[in-house]
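In: I would like to see how this sequence folds:
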Amino acid sequence: MCVALPGTVISVEGRQARVDFSGNIVEADTTLVETKPGDRVLLHAGCIIQRLSLSDATEMDDFMKMIREMEGGPHAV
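Out: Sure thing, here's the model as predicted:
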């Protein structure tokens, strides 16, 4: 099973972006999707594969929060 994770673009330099996932910063390739800082995106296998609308990003944030709460993970509220 493949999972794409939602994050927020912090910066873009050339074809590389820094993406924030709840405080975890990763480098991602922007070749497939044009992005700018502040964009909410889906990342899979080190590549940004889609920009998210505000409503989709909010829905995914709520879903990820629900999963963390069920797991009792470190970011559970």
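In: Give me the below-cutoff pLDDT ranges for this structure.
Out: 1-2, 73-77 (pLDDT under 70).
In: Now do the longest strand along it: which elements does it pack against?
Out: As assigned by DSSP state E, the longest strand anywhere in the chain is strand 5-13. For strand 5-13, the packing partners by 3 or more C-beta pairs under 8 Å, 6 or more residues apart in numbering; DSSP states H and E come out as strand 16-21, strand 24-29, strand 40-44, helix 54-71. C-betas here are computed from N, CA, C, even on glycine.
In: now the third one, how far from the chain's geometric center?
Out: Centre-to-centre, strand 40-44 and its host chain are 4 Å apart (C-alpha atoms, centre = their mean, to the nearest Å).
In: Identify the neighbouring strands of it in the sheet and state each direction.
Out: strand 5-13 (antiparallel), strand 47-51 (antiparallel) (DSSP bridges).
In: so how far is the shortest one from its chain's centroid?
Out: Its chain's average C-alpha position is 9 Å from that of strand 47-51, according to C-alpha atoms, centre = their mean.
In: returning to that earlier point: any chance of the strands paired with strand 40-44 in a markdown table, with mean neighbour count too?
Out: Shown next, in a markdown table, are these (neighbours: other C-beta atoms under 10 Å):
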| stretch | mean neighbour count |
| --- | --- |
| strand 5-13 | 17 |
| strand 47-51 | 17 |
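In: rewinding a little: what's the closest of the helices and strands packed on strand 5-13 to Val3?
Out: strand 40-44 (7.4 Å; C-beta to C-beta).
In: which of the helices and strands packed on strand 5-13 sits most buried?
Out: strand 40-44 (a mean of 20; mean count of other C-beta atoms under 10 Å).
In: contacts for that one?
Out: Contacts of strand 40-44 with the rest of the structure, by C-beta atoms under 8 Å, 6 or more residues apart in numbering, involve 2-9, 17, 19, 21, 26, 28, 33, 35, 48-52, 54, 56-57.
In: rerun at 7 Å
Out: Defining contact as C-beta atoms under 7 Å, 6 or more residues apart in numbering, one finds that strand 40-44 is touched by 2, 4-9, 19, 28, 33, 35, 48-52, 57.
In: for Gly46, what are its contacts?
Out: Ala28, Asp29.
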